[in-house]
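1. Let's see this in three dimensions:
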Amino acid sequence: MIQITGLTKYFGPQRLFEDISWQLDRFRRTALIGHNGAGKSTMLRIIAGQIEADGGSVVIPKAMTVGYLPQEITGMDVKPALELVLSGRQHVCDLEREIAALEALVASDPKETVIAELGEKQHAFEACGGYALRAEAQSIMASLGFSSEEFGKLTSEFSGGWQMRILLARLLLAKPDLLLLDEPTNHLDMASLVWLESFLINYPGTVVMVSHDRAFLNHVVDGVAALDANGLLLFPGNYDHYLGMREALQAQLEKNAELQRQAIAEKQAFIERFRYKASKAKQVQSRVKQLDKMSGVQLLQGRKKIRFRFPDPERTPQILLELLHVRKAYDANVVYSDLNFRLYRGDKLALVAPNGAGKSTLIKILADIIPFSGQRLLSDRVHLAHFAQHQIDALDFSKTLLQEAAADLPSTLSMTMIRSALGAFLFTSDDVDKPVSVLSGGEKNKLALAKILLRAPNLLLLDEPTNHLDLDSREALEQALIDYPGTLVVISHDRWFIDKVCNKIASIQDGVVDIFEGAYSEYEAYLATQMPASSEADESAANAGVKKQKRIDSAKEREAIKKATQHIDKKLKTLEAKTSTLESTLADIDTALADPETYKDPAKIKSLTTQKTTLQTELDDTLEEWLMAQSELEDAMKRFV
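-> Residues are numbered from 1 along each chain as shown. Here you go, the predicted model:
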């Protein structure tokens, strides 16, 4: 059992999170979610032992191994890539060297003691999978996109994204009991991402991951840990299931809060009415104590809504941009030899291909920021904006957020308009005076996107715009691009994002660009029809089995909740009906007592007054019983959240 108790972390005076308790292995694969700045990465680092908490404890059994993949690289040993991956099982590598030394010793001096020791080492090596280790490491690296020629390349020769893949491969080879992953999909292409999903679904240990890839979370996780200002709430199921359960829970809490408000008002009215009446002193004191004991219903923290739209750009010609007989090579590596390509008005095009196939190169050619041979024809009235994969590196970290947002923008844009655009990305009036250097990765990405928004382009070229953005920000950008009236070319490994935004898919293979008309999900369905019949049948059966199991699990969960709470629900409905009847009857009595004709009959007045007193007491008792039943229901629901 991996137990977190009372975990608290501050950054200066700012509370990041406080008094968090969590049993990490409640689910096998958990998504840790929350808005940018909620403390997700910090919590992973505390669990991994990278930094200290300000309070609380993390208890991990001594025999349990822990592996951690950070979001960014802070340092890496310079050695051949395969050797670094193999170091994930260093004890096996050490054993292999010991065996080699003993074998050399036996060859020169075959003593029985040395031969016996060699046999023991070889047996231990076989038991821990040593003879298959190198092949397993190569298989993992190949699945993450490395070619066999790259296994021997020094780690320093790879870009930052590929270095992250090397670290991921080492971690997956090590197979720690607790696997902590911070944005593991940021540097993966589609093929590697799909492979990683399959690997993690079958992973034998406990996995906790931070990811903003909705499709990835839906496919992989069986639990969600939502971190916000209220603390940490656990939900069973994938991300979409979490959204549904969260909405239902919030609706129930809002209903509880309203009913509690009514109950409080009733008690306060009783107290005010009979505060100075000696015969009611006991009942008044009882209700005062009840009010003191009642704690307000705590609603879930509302999801921050980012609402923005691109200003209407100038209308373009039918053909915005055309490439004719383009050739691009990096030394001996020819990416495109004779590329012909057209962008039409209204295209929202996703570039899909393995890493290294030429996606970013094509966007850079379209943006005219790298040299190439051939023709690039840009039509009149086309205003192009390019968001590079590492766009945040182009920001001036010494400027304030507002100064950087205003840099290089048309003079016609007022500071009010710039502040408004930043506000749409949830930058407050206080935030805009912060230096860019203190912003998180997601906040820097949003600043870079805001700068593009303010330029009102009619052609957008976006290379991985969702990297570092939290799920709420991704959904907001998704909606803005759906509404965007201009033309778009985007590279993203977020399948959910491009499926919602794009109306065309451009697949790149061997320097050839093929255009598919339709959304990404339709493109996937098309690819499935191109598979061999047996493979298609196997995949269809597997998918059907997964979907069926999800339906079974969901039905079981609903049935468990229903069984655990049905008697309380029935009791609450009975009490609510009784409360309604009593309140209606009391209202009729009040109407009668307000009628002057009633006072002509003293017996009737006495009867009505007696009834009202009796019914009011019964109503108070009923409301108190309802509150107790409601508390019982909340306790029952907590077992499923």
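2. Skipping its backbone neighbours, what lies nearest residue 571 in space?
-> Excluding its sequence neighbours, the residue lying closest to residue 571 (Cβ to Cβ, 6 or more residues apart in numbering) is residue 629, at 5.1 Å. (Glycine included, C-beta is placed from N, CA and C.)
3. That neighbour looks like it's in a strand, true?
-> No - the assignment for residue 629 (DSSP: H, G, I helix; E, B strand; the rest coil) gives helix, which keeps it out of a strand.
4. could you pull out the helices for the stretch 451-600 of the chain?
-> 471-483, 495-501, 520-529, 533-593 (DSSP state H, counting those that start in this stretch).
5. pLDDT of the first one, averaged?
-> Across helix 471-483, pLDDT averages out at 83.
6. Buried residues in that helix, which are they?
-> Neighbour-count burial for helix 471-483, with 16 or more other Cβ atoms under 10 Å as criterion, is recorded at 471-481.
7. Export the residues you listed as CSV, with columns for distance to residue 84.
-> Putting the buried residues of helix 471-483 into CSV (distance: Cβ to Cβ, whole Å) gives the following:
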residue, distance to residue 84
471, 32
472, 36
473, 34
474, 32
475, 37
476, 38
477, 35
478, 37
479, 41
480, 41
481, 38
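8. Which one of those residues is nearest to residue 578?
-> Within the buried residues of helix 471-483, proximity to residue 578 (Cβ to Cβ) peaks at residue 472, which comes in at 42.5 Å.
9. Tell me how far that closest one lies from residue 243.
-> As defined by Cβ to Cβ, to the nearest Å, residue 472 lies at a distance of 11 Å from residue 243.
10. Could you list the low-confidence segments of the stretch 451-600 of the chain?
-> 531-565 (pLDDT under 70).
11. count of neighbours near residue 181?
-> 24 (other Cβ atoms under 10 Å).
12. Would you confirm that it belongs to a strand?
-> Yes - counting by three-state DSSP, residue 181 falls inside a strand.
13. Do I have it right that it meets residue 207?
-> Yes - if you go by Cβ atoms under 8 Å, residue 181 and residue 207 touch, sitting 6.9 Å apart.
14. For the nearest residue to residue 152 once chain neighbours are set aside, give the beta-bridge partners.
-> Among residues not flanking residue 152 along the chain, residue 80 sits closest, at 5.0 Å (Cβ to Cβ, 6+ apart). Per DSSP bridges, the residues bridged to residue 80 are residue 154.
15. Just to check, residue 80 is in contact with residue 149?
-> No - at 11.9 Å, residue 80 does not count as touching residue 149 under the criterion of Cβ under 8 Å.
16. of these two, who's got more company?
-> Taking other Cβ under 10 Å, residue 80 and residue 149 do not tie; residue 80 has more neighbours (15 against 7).
17. Now do the same contact list for that one.
-> Contacts for residue 80 (Cβ atoms under 8 Å, 6 or more residues apart in numbering) come out as 151-155.
18. For those, give me CSV that also has pLDDT, distance to residue 313 and neighbour count.
-> Below are the contacts of residue 80 laid out as CSV (pLDDT from 0 to 100; distance: Cβ to Cβ, whole Å; neighbours: other Cβ atoms under 10 Å):
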residue, pLDDT, distance to residue 313, neighbour count
151, 93, 47, 17
152, 92, 49, 10
153, 93, 44, 16
154, 93, 46, 13
155, 91, 44, 18
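19. quick one: which of these is nearest residue 87?
-> residue 155 (10.9 Å).
20. what about that closest one, distance to residue 89?
-> Distance, residue 155 to residue 89, by Cβ to Cβ: 17 Å.
21. Next, residue 21: phi, psi?
-> For residue 21, the backbone dihedrals (degrees, to the nearest 10) come out as phi -120, psi 140.
22. Report the central residue of this protein.
-> The residue lying closest to the centre of the chain (Cα atoms, centre = their mean) is residue 212, at 3.5 Å.
23. quick one: it and residue 472 touch, right?
-> No - the criterion here is Cβ under 8 Å, and residue 212 misses it with residue 472 at 9.3 Å.
24. who touches residue 522 in this structure?
-> The contact partners of residue 522, by Cβ under 8 Å, 6+ apart, come to residue 516.
25. And for residue 612?
-> By Cβ under 8 Å, 6+ apart, the residues touching residue 612 are 586, 589-590, 593.
26. So it versus residue 606, what's the distance?
-> 11 Å.
27. try residue 180
-> Taken as Cβ to Cβ, the span from residue 180 to residue 606 is 74 Å.
28. Comparing the two, which residue is more hemmed in?
-> Ranked by neighbour count (other Cβ under 10 Å), residue 180 and residue 606 place residue 180 first, with 25 against 10.
29. I'd say that one and residue 49 touch.
-> No - the pair residue 180 / residue 49 is not scored as a contact, 10.3 Å apart, by Cβ under 8 Å.
30. if I look at these two, which residues touch both of them?
-> Counting by Cβ under 8 Å, 6+ apart, the shared contacts of residue 180 and residue 49 are residue 66.
31. Where does residue 20 fall, secondary structure wise?
-> Element membership for residue 20 (DSSP states H and E) is strand 14-23.
32. In that strand, which residues are buried?
-> For strand 14-23, a neighbour-count test (16+ other Cβ under 10 Å) marks 16-18, 20, 22 as buried.
33. swap in stretch 82-91?
-> 82, 84-89.
34. can you redo those as JSON lines with secondary structure and distance to residue 453?
-> As requested, the buried residues of stretch 82-91 are exported to JSON lines (DSSP: H, G, I helix; E, B strand; the rest coil; distance: Cβ to Cβ, whole Å):
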{"residue": "82", "secondary structure": "helix", "distance to residue 453": "44"}
{"residue": "84", "secondary structure": "helix", "distance to residue 453": "41"}
{"residue": "85", "secondary structure": "helix", "distance to residue 453": "41"}
{"residue": "86", "secondary structure": "helix", "distance to residue 453": "46"}
{"residue": "87", "secondary structure": "helix", "distance to residue 453": "45"}
{"residue": "88", "secondary structure": "helix", "distance to residue 453": "43"}
{"residue": "89", "secondary structure": "helix", "distance to residue 453": "48"}
